[in-house]
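Undergrad: okay, here's the prediction I keep looking at, along with the sequence it came from:
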Amino acid sequence: MILSDPFQLPVIDLSAAAGPAPDRARMRRALHAAAHDVGFLQLTGHGITPARTAELLRVTRKFFALPEADRRAVDNLDSPHFRGYTRIGDERTGGARDWRDQLDIGAERPPRVPAPGEPAYWWLEGPNQWPAALPALRPAALDWIDRLGAVADLLLRELLTAIGAPADFYAGAFAGGGHPHLKMIRYPGSAPDGAAQGVGAHKDYGFLTLLLQDGVGGLQVEGPDGRFHDVPPRPGAFVVNLGEMLEVATDGYLKATNHRVVSPPGARERYSVPFFHNPRLDARTSPLVFPHASTAPGATRDPDNPLFAEYGFNELKGKLRAHPDVARRHHAALLTPAAAV
Ligand SMILES: O=C(O)CCC(=O)C(=O)O
Ligand SMILES: [Fe+2]
């Protein structure tokens, strides 16, 4: 007998949002269950064409194929805004080294250096660093941010409707475009010491993450049994997971789920591009008004990972922890937990 894998992620076809009412209702029921029970799903029917997706992966691979000097020309050590290139082994999750390199990109905005008394999270706003050796990257990345922002916005509205909340409850938190974040990532195979941590177990900081992964695999999700389960790549689908803000907003009714990436074996490379649908830095995530609020179990309480309702503090916590070299170089004064908030 073949047992079905209980961790096969639910597949949600977002095109049903514009379809006949019965299809829409069925999709919303499935979305409600996925967000409440698992916190992860595979998203199809999102309207991003295979050609556009292939082009983004092509430009991602090209960036990592540039000579090291061209990648180092946009080193994130030179950005107080945590933008640019992080070398393999310079990022940390759960206190241990991640074996990946990456390019961090956000909305292209002028720097907003916090004045005395203003929250330190304004450091997270600022210009990107674009690789001069690959001019095609900038338009491709900014276009992807726009398009996935629109998909994520629709998905969030469908999710809020699905659980009985007003669809536009968080419109104010995203006013002006929110604080989107795109990460182009390469996992360059196994580390020389044999450690398998591509990226360590973590939750994402914001509302929703839409992940494009290539065909290699390695992403794993923590199940209710506390074990990590593979999320096999599904061609044409984005892996979607809920971030800490939705867990905070719903007092744990919706789940931000731990996930990690196991390094590909040997010298095999894996590429992925998560898009993080984050609200404005100064958005205070108000508790969601919805009919299931009374059954919410409470958000996770982990002394090593406090959850902040004001989004900017939640992201700043993560960035200081993940990029200690950038933090030491530009933000030494923020390195005590009390200073960061
Ligand atoms: O590369 C992946 O598949 C996941 C990456 C991830 O979880 C993250 O960067 O937050
Ligand atoms: Fe993540």
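TA: Yep, it's here. Numbering: from 1, shown residues only. Ligands and ions are numbered 1, 2, ... in the order given.

Undergrad: pull the contacting residues for the residue of the stretch 101-250 of the chain found nearest ligand 1.
TA: Taking Cβ to the nearest ligand atom, ligand 1 has its nearest neighbour within the stretch 101-250 of the chain at residue 219, 4.1 Å off. Every residue, glycine included, has its C-beta placed from N, CA and C. Applying Cβ atoms under 8 Å, 6 or more residues apart in numbering to residue 219 gives the contacts 211, 213, 230-231, 239, 259-261, 272.

Undergrad: residue boundaries of the strands in the chain?
TA: For the chain, the strands defined by DSSP state E cover 11-13, 40-44, 84-86, 92-93, 96-97, 101-106, 181-187, 197-202, 208-213, 219-222, 228-230, 238-242, 259-262, 270-277.

Undergrad: out of those, indicate the one that is most buried.
TA: When you average the neighbours per residue for each of those (mean count of other Cβ atoms under 10 Å), strand 238-242 leads with a mean of 26.

Undergrad: then that strand to PDB, C-alphas only?
TA: Provided in PDB are the C-alpha atoms of strand 238-242 (Å, rounded to 0.1, in the frame of the first residue of the first chain):
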ATOM      1  CA  PHE A 238       6.000  29.300  -6.100                       C
ATOM      2  CA  VAL A 239       6.500  27.900  -2.600                       C
ATOM      3  CA  VAL A 240       4.600  30.200  -0.300                       C
ATOM      4  CA  ASN A 241       5.100  30.500   3.400                       C
ATOM      5  CA  LEU A 242       3.700  32.800   6.100                       C
END
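
Undergrad: now do that strand: which elements does it pack against?
TA: Contacting strand 238-242 under the criterion 3 or more Cβ pairs under 8 Å, 6 or more residues apart in numbering; DSSP states H and E are the following elements: strand 40-44, strand 208-213.

Undergrad: tabulate these (TSV), appending mean pLDDT and distance to residue 326.
TA: Formatted as TSV, these follow (pLDDT from 0 to 100; distance: least, Cβ to Cβ, whole Å):
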stretch	mean pLDDT	distance to residue 326
strand 40-44	98	29
strand 208-213	98	22
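
Undergrad: switch those over to TSV; also include distance to ligand 1.
TA: Output for the helices and strands packed on strand 238-242, formatted as TSV (distance: least, Cβ to the nearest ligand atom, whole Å):
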stretch	distance to ligand 1
strand 40-44	11
strand 208-213	5
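
Undergrad: which residues of the stretch 51-200 of the chain lie near ligand 1?
TA: Residues of the stretch 51-200 of the chain lying close to ligand 1 by Cβ under 6 Å from any ligand atom are 183, 185, 199.

Undergrad: try 8 Å this time
TA: The stretch 51-200 of the chain comes close to ligand 1 at residues 100, 102, 183, 185, 187, 198-199, as judged by Cβ under 8 Å from any ligand atom.
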